[in-house]
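A.B. asks: Show me the folded form of this:
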Amino acid sequence: MTTCPAKSSSESCVTNTYGHKIRQSLVDGKNPDSVKKWQALRVSSDGFLLEATEYNAPAEKGVEATRNKPPLTAMHLDELAGAVEGAFTKFGVMDAETLSSPRPIQGSWEVRETLETLVPAGLSQRGLGGLGDEGYIVVYDAKLKVKTFLRATVAPGTPDGGKVRTQQKAGKQPGSLEWSAETVTPQGLRVTVTAFNSQYPNQAAVRPEPPLTLAQLSAMATSDKWHNFK
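C.D. replies: A predicted model of the protein is given here:
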């Protein structure tokens, strides 16, 4: 269900590193002016299929498009599916506390939102996602005209005086690279910021190196903004 079909000229489909399928297609594949249909599909850890679908028209059929693209980006649509997943219990019943109670970091977008504020000038956001202890952004380099993946993760850690550990390693595909910086805040939160030279971690490289240097990644990981996390 979350595996992309054979390539077609009338649609785009990708299964990202988290196993979520993002599909952009035309309702009438033979008509390039047809209504556009974008979908995000995922299977929850409890086996439930979650699907979020949108169109650039008031309905799927019998109407004309009212805008060039559907209102949400593919990343936003995937994030919506994730929010729906988090709003249900393992029995498929709505968890009322999810949307009515204050959310700790494990059920919030705080990591992603903090990462957004730390992206250096020269890179713009073209997609985002993540929930709880992970956040990611697809950043766009206007100079090279390519998109790459940027991720931040947090976990419990033991304060060690603000030491920063950096790493450069090969990715999962030929030519792909992962560069990261990691530190532990005085409050005991381990922060890791990783940049890739591919649009998604499991895809081929689109540029020789990640768009951020180890120094830039270190500055992001050691930002005081992480000190406010509980």
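
A.B. asks: Can you show me the helices along this structure?
C.D. replies: 74-86, 96-100, 110-118, 214-221 (DSSP state H).

A.B. asks: what's the angle from the longest one to helix 110-118?
C.D. replies: For helix 74-86 against helix 110-118, the angle between stretch directions is 160 degrees (axes from the mean of the first three to the mean of the last three CA atoms, to 10 degrees).

A.B. asks: what's the spacing between Gly82 and Leu115?
C.D. replies: 16 Å (CB to CB, to the nearest Å). C-beta coordinates here come from the backbone N, C-alpha and C atoms, glycine included.

A.B. asks: More neighbours: those two, which one.
C.D. replies: Leu115 (26 against 22; other CB atoms under 10 Å).

A.B. asks: list the contacts for the more buried one?
C.D. replies: Applying CB atoms under 8 Å, 6 or more residues apart in numbering to Leu115 gives the contacts 135-137, 150-152, 193, 220.

A.B. asks: Tell me which other helices or strands the top strand by length along the chain touches.
C.D. replies: Taking DSSP state E as the criterion, the chain has its longest strand at strand 146-156. Under the contact criterion of 3 or more CB pairs under 8 Å, 6 or more residues apart in numbering; DSSP states H and E, strand 146-156 touches helix 110-118, strand 134-141, strand 189-196.

A.B. asks: got the contact list for that strand?
C.D. replies: Residues outside strand 146-156 that contact it (CB under 8 Å, 6+ apart): 105, 111-112, 114-115, 119, 126-127, 130, 133-141, 188-201, 206-207, 210-212, 220, 226, 229.

A.B. asks: go on, stretch 219-230?
C.D. replies: Contacts for stretch 219-230 (CB under 8 Å, 6+ apart): 104-105, 110, 114-115, 117-118, 152, 154, 162, 164, 181-183, 185-187, 189, 191-193, 212.

A.B. asks: Just list whatever residues bridge to Ala40.
C.D. replies: Residues in a beta bridge with Ala40, per DSSP bridges, are Ile22, Ala52.

A.B. asks: rewinding a little: ok and the longest strand of the chain relative to helix 214-221, angle-wise?
C.D. replies: Using the same axes, to 10 degrees: strand 146-156 against helix 214-221 is 50 degrees.

A.B. asks: about what we covered before: mind putting the helices of the chain into JSON lines with mean pLDDT?
C.D. replies: Output for those, formatted as JSON lines (pLDDT from 0 to 100):
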{"stretch": "helix 74-86", "mean pLDDT": "75"}
{"stretch": "helix 96-100", "mean pLDDT": "52"}
{"stretch": "helix 110-118", "mean pLDDT": "90"}
{"stretch": "helix 214-221", "mean pLDDT": "97"}
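
A.B. asks: Go ahead and confirm Val138 touches Gln199.
C.D. replies: Yes - Val138 is in contact with Gln199 according to CB atoms under 8 Å; the separation is 6.4 Å.

A.B. asks: what's the closest non-adjacent residue to Gly70?
C.D. replies: Quick fix: residue 70 reads Pro, not Gly. Excluding the flanking residues, the one nearest Pro70 by CB to CB, 6 or more residues apart in numbering is Glu54, at 4.1 Å.

A.B. asks: tell me, how many neighbours does the one you found end up with?
C.D. replies: 18.

A.B. asks: and if you look at Thr192?
C.D. replies: Thr192 has 19 nearby residues by other CB under 10 Å.

A.B. asks: For the longest strand of the chain, list the C-alpha coordinates in CSV.
C.D. replies: Output in CSV follows, covering the C-alpha atoms of strand 146-156 (Å, rounded to 0.1, in the frame of the first residue of the first chain):
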residue,chain,number,x,y,z
VAL,A,146,18.9,21.6,-5.4
LYS,A,147,17.1,20.4,-2.3
THR,A,148,18.7,18.5,0.6
PHE,A,149,17.7,17.0,3.9
LEU,A,150,18.4,18.6,7.3
ARG,A,151,17.5,16.8,10.5
ALA,A,152,17.7,17.5,14.3
THR,A,153,17.1,14.9,17.0
VAL,A,154,17.1,15.2,20.8
ALA,A,155,17.6,12.5,23.5
PRO,A,156,18.5,12.4,27.2
